[in-house]
Every structure is written in structure tokens, then in C-alpha cells.
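A.B. asks: Sharing a model that was predicted from the sequence below.
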Amino acid sequence: MKVLVPVKRVVDYNVKIRVKSDGSGVELANVKMSMNPFDEIAVEEAIRLKEAGKAEEIIVVSVGPQQAQETLRTALAMGADRAILIKVEEAAEPLTVAKLLKGVVDAEQPGLVILGKQAIDDDANQTGQMLSALLGWSQGTFASKLEIEGENAKVTREVDGGLQVITVKLPAIITTDLRLNQPRYASLPNIMKAKKKPLDEKSAADLGVEVKQRLTVLKTEEPGGRKAGVKVKDVAELVSSLKSAGVL
Amino acid sequence: MAILLIAEHDNASLSDQTAKALTAATQIGSDVDVLVAGKGAQGVADAAAKLQGVRKVLLAEGDDLEQRLAEPLAALVVSLADTYDTIVAPATSTGKNVLPRVAALLDVMQISEIIEVVSADTFKRPIYAGNAIQTVQSTDQKKVITVRTASFTAAEEGGSASVENASAAANPGLSTFVENRLSESDRPELTSAKIIISGGRALGSSEKFEEVILPVADKLGAAIGASRAAVDAGYAPNDWQVGQTGKVVAPELYIACGISGAIQHLAGMKDSKVIVAINKDEEAPIFQVADYGLVGDLFTILPELEKAL
């Protein structure tokens, strides 16, 4: 079975982002970029499947600018076998990304696509479910455990009330939650080896998809701030403050 | 301008997240129908019919809908979509699972987790864990929207809409429910609680977490939350996690104990009315958003607090 893992290049999760003063967006120039953390978990899960003999080949794919190559190289250094860059200069919306990924799935015929449940830039949480819909496949989202059992996958999902276990028919879409695994770091020898692994480039046109924005971003602004309040000296003062604030 | 709102429920009772999402829906347009998909959910449909602003309730029942798995529920929503301009769901784990599937089947770009309705096609939504707010306008014919319920007040009762039966769509049969492992608790739900007390990594173990957090929670009738660090360390179950990728809450009172205040955590609770931070590190970022800060050892402060209540 082939496993396809889409990865996104995003602002590193440790970076405190800045909103541009003219409201046109978030400052991305000279900001550290990394692989979306949920996608790292997806890459790790695919590698573990391969190590367990459940998968033969791991293909990573990214939709983005030329620099998304670096993100793909990171995934190759972790242990993916080959990479595909779908070069798109402007930010592509999840629906467009899902259509592009469908093109890759049609060509590569993986048995499983593992995606991060959301990207930490747009926080949309859509691409996996959308790809699943376009392919007519099953979906196991927000996975905290994945077990391949013959023609099916058993997925333990993080849901609002706790955990839900479902089985999905393969081929399937899996999206990862935080506690699925702890991604590995790439070792230096593997980083060197990754430079020689194949990386193909494609365009949206190659996949027959028109990149079009359905949503127009009118404005990006800072959230309403909260001011630091007062420090109280002890529990008694805290309780009396809360009583006078009317919340106790 | 008809709107279909997908109800959040567990077949037995209607979640108040539905009433909150209803408030967002009625700000978009006036003709709001509520879809209750489930099994043995007549009581849920009756409860939804009592919410003010509901035009009618559609009740679709069947074995395939009992757990509201993505594929059969999306097929049902798509089968009903023709007569609606907008499809709305609360951004619960069900809403987040199902609605993007609906959107793709309708060739619509979903607008996720709106926090404000600007007009029928324009919405505000947080990006970058709430560190920026985007105003987006949809150019799609149909709109598919999830609602961050912490940003809307619940619609009141007092309506008397009719309940009609809707037939379930054919189940694509792609997935099977095995079991739910839900936390059993008499405490209020995180997303609807008036008071939440949350613990972080400083608690040190699940035993300590229970020993110091639970008695205060019981005294206050509070729901219990946790930071990602505490959940990752196994001190608290995943469904307690508050933050960017956990639950987003806005109670009257939020008490953060031993939580440093990573931006991912703040994203989940900074809309609370009053925030209390208890932390031994007076430089902890949590104090920058707290109305009342108490610097000290939570293992002595929390038992004192429990006695003082």
C-alpha cells in the first residue's frame, strides 16, 4: 500500500505573528517557516506504518510556493520516499488544495491519505474532509490511534465528549490529532540522504485545476486585547474581589 | 434566504451549542430550519422546536444516523441542501467532521468557526490561534459555515415550531461505528459551564490534579479544563483540553491554575468574562490576560480557596 501525506509550509508555531498595520494580512516576510505540526504527526504515522510493514511507499506532497520544497525535504529526511511539489504562488484555499490532491490521488492510487487535522495558519480544519468527499472515500478525522486491519482501518478519534472508535473502509482519509504520536527529528545523515530523494514538480494546470479564491479577505486585524488586571495578595482578597465582580 | 442549522445532540438531549449557533444563524437570515439527525431523537427535535427563531424542525432518524458519522450525515445534508442558501453547524467535533464534507460535495468553500456575522455573506473568523481576526466575504452561491459557539449567546426558549420528518439519504456504507469512550461526569460541560477551573503542567500528576482541582470544582459547580501540556502528560483526558485545537470556552469565570499561558491556550479562553490566574511564576504570560492574579504555590492556594468558598 502507498501512503500519501500532504504537508503545508506555515509560520513556525513558536513565532508570535504580527498583523500588518494596513490590515492587508499577516507579516510573512523574514518569518521562520516550518512544517505544520499536525502534518509532522501525519508524516510520522506514515513512517510507522512503513516500519510495521503495513505500507510500502510514502509520498509527500505540498501545495505552495517554490520554498515549500524545504518542507518536503524535511519530510523526506524524516523517512518519506519521494515528494511532489504542486507549485502555486498565491495562498490556495482548502477546497482548491483538496481538488489538487484529488489529482495526485487519482494518479498515485494510495491506499491511505494521512493529513494534519488543521493548519495552524488559517485554522480551517477542512482539507482532509473535503478530499474525502471529492474521492467518495471514508474519513477518520482527529485520530489519536490508527490500526490497519486488512481491508479496514480502526480509528480512535478525539471527540468533544472523549473518544470515539470507528472502522473505515480502505482506501480512506485519516486526519491527525495531537496525541497520535510524537514525531521524530531527522538525523543529519538522513537530512543528507533526503537531498538525493526524488522531488517532482507539477503545476495546478497539470492536474486540471483552476486556482480560484472563493473567499475574499476584506480585512485582517488584531484581536481585541485584554489588559492585565490586578495582582491580589491572598485567597481572601481573591474571593472578595470575585464576589464584588459578581462571578461568585 | 433559508438557512439549515444542523443540531448538536446525543439523541437524548439537545446541546446548548445548537441554541448558540442558532443566534448566529438568525443574524444571517430569518428562515432557520433545524435538522435533527439521529435515532430515537424525537425529544431533541421537540426541544429544538421550542427555541425562538426556528421556522421548523426536520427530524431524520435511522440506524446510520445514530452516531452522526460523517458520510451518512453529509449525504443527508446534501440531499436537503437544494432549498437552502446557507448551511450552518456549531463547530463541535461533529460539525467540524461533517460540514467540510458537505461543502466539498456542494463545491463550496466553507467558512470555519465564525465569531461574528457582518452580513449574510461576510463574517469574522480567527486565524493563527486567534492572534489575528479575518473578515471574509464568500462569493459562493451557497454558504457553508461553522460557528464558534463561545462567541454567541444562546437563543432563548419560547418558540413553537413544527417538527417534520425527513428521510435519511442512502448511507454510502464507508464507515462503521465501534464504540464511544465518553467521560462520565456529573459536572457541567466545558462549553456551556459558567465557571471553569483549569489545570496545567504544574499539577505534576493526574493524582495531584484530582486532589487539588476537583474539590474546588465541586465547591464551585465548575467544569474542569486543562492545558495541552497537562493532557499530553496524561494528567487529564483529551476532552478537557482548552485551546486552539481543543475546546474554545467563554465562561463567566475562568480559573487557570499552574498554566503558563501559551498562545495556543489563550486562544481557547481569552473571551472569558473574568479570568483568574494562579501561578508561582509571576512572569507567566497568563497574568497578562488575567483580571486577578495570585502569585504563589497552587498546592497551598487551592486548598485555601476551597475552604474560603
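C.D. replies: Arrived safely, thanks for sending. Numbers count the residues shown, from 1 in each chain, chains lettered A, B, ... in the order given.

A.B. asks: now the residue nearest the centre of chain A, which residues is it bridged with?
C.D. replies: Geometric centre of chain A, nearest residue: A:G116, 3.2 Å, by Cα atoms, centre = their mean. Taking DSSP bridges, one obtains A:T176 as the residues bridged to A:G116.

A.B. asks: and it, how far is that from A:S244?
C.D. replies: In this structure, A:G116 and A:S244 are separated by 45 Å, where distance is defined by Cβ to Cβ, to the nearest Å. For glycine as for every other residue, the C-beta is placed from the backbone atoms N, C-alpha and C.

A.B. asks: Kindly report the same for A:I47.
C.D. replies: If you go by Cβ to Cβ, the gap between A:I47 and A:S244 works out to 56 Å.

A.B. asks: With neighbour numbers in mind, choose between the two.
C.D. replies: Legend: neighbour count by other Cβ atoms under 10 Å in any protein chain shown for A:I47 and A:S244, higher for A:I47 (22 against 9).

A.B. asks: Which of the three states applies to that one?
C.D. replies: For A:I47, the secondary-structure state derived from DSSP: H, G, I helix; E, B strand; the rest coil is helix.

A.B. asks: residue ranges for the helices of the stretch 101-250 of chain B, please.
C.D. replies: With DSSP state H, counting those that start in this stretch as the criterion, the stretch 101-250 of chain B has helices at B:206-220, B:228-232.

A.B. asks: A:D121 is nearest to which of these?
C.D. replies: Taking Cβ to Cβ as the measure, the helices of the stretch 101-250 of chain B were each checked against A:D121, and helix B:228-232 came out nearest at 18.3 Å.

A.B. asks: which element follows the closest one toward the C-terminus?
C.D. replies: Proceeding N to C from helix B:228-232, the next assigned helix or strand is strand B:253-257, under DSSP states H and E.

A.B. asks: What's the mean pLDDT across that following strand?
C.D. replies: Here the mean pLDDT over strand B:253-257 is 98, rounded to a whole number.

A.B. asks: other SSEs contacting it?
C.D. replies: If you count contacts as 3 or more Cβ pairs under 8 Å, 6 or more residues apart in numbering or on different chains; DSSP states H and E, strand B:253-257 packs onto strand B:195-199, helix B:206-220, strand B:274-279.

A.B. asks: Adding mean neighbour count, write these out as JSON lines.
C.D. replies: Formatted as JSON lines, these follow (neighbours: other Cβ atoms under 10 Å in any protein chain shown):
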{"stretch": "strand B:195-199", "mean neighbour count": "28"}
{"stretch": "helix B:206-220", "mean neighbour count": "18"}
{"stretch": "strand B:274-279", "mean neighbour count": "25"}
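
A.B. asks: measure the residue lying closest to A:A204 once chain neighbours are set aside to B:A193 for me?
C.D. replies: The spatially closest residue to A:A204, leaving aside those adjacent along the chain, is A:V211, at 5.0 Å (Cβ to Cβ, 6 or more residues apart in numbering or on different chains). For A:V211, the distance to B:A193 under the criterion Cβ to Cβ works out to 43 Å.

A.B. asks: the more surrounded of those two?
C.D. replies: Taking A:V211 and B:A193 together and counting by other Cβ under 10 Å, B:A193 has the greater number of neighbours (22 against 19).

A.B. asks: For the more buried one, give its distance to chain A.
C.D. replies: In this structure, B:A193 lies at 12 Å from chain A, with Cβ to the nearest Cβ, to the nearest Å as the measure.

A.B. asks: ranges for the helices of chain A?
C.D. replies: Along chain A, counting by DSSP state H, helices occupy A:37-51, A:68-78, A:94-108, A:127-135, A:188-194, A:235-244.

A.B. asks: Deepest in the core, which of the ones you listed is it.
C.D. replies: Mean neighbours per residue, mean count of other Cβ atoms under 10 Å in any protein chain shown, is largest over those for helix A:127-135, with a mean of 27.

A.B. asks: list the contacts for A:R73?
C.D. replies: When the contact criterion is Cβ atoms under 8 Å, 6 or more residues apart in numbering or on different chains, the partners of A:R73 are A:83, A:191, A:194-195, A:199.

A.B. asks: repeat that for 10 Å
C.D. replies: With contacts defined as Cβ atoms under 10 Å, 6 or more residues apart in numbering or on different chains, A:R73 is in contact with A:60, A:80, A:83, A:186, A:191, A:194-195, A:197, A:199.

A.B. asks: now do B:G221
C.D. replies: The neighbourhood of B:G221, defined by Cβ under 10 Å, 6+ apart, consists of B:186-188, B:193-195.

A.B. asks: can you check A:K231 too?
C.D. replies: Listed by Cβ under 10 Å, 6+ apart, the contact partners of A:K231 are A:237, B:277, B:282, B:287, B:290, B:292-295.

A.B. asks: With B:S119 as the reference, name the closest of the helices and strands packed on strand B:253-257.
C.D. replies: Ranking the helices and strands packed on strand B:253-257 by their distance to B:S119 (criterion: Cβ to Cβ) puts strand B:274-279 first, at 31.6 Å.

A.B. asks: partners of that closest one in the sheet?
C.D. replies: Sheet partners assigned to strand B:274-279 using DSSP bridges are listed as strand B:253-257 (parallel), strand B:292-295 (parallel).

A.B. asks: Mean neighbour count for the ones you listed - can I get that in JSON lines?
C.D. replies: JSON lines is the format used below for those (neighbours: other Cβ under 10 Å):
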{"stretch": "strand B:253-257", "mean neighbour count": "28"}
{"stretch": "strand B:292-295", "mean neighbour count": "22"}
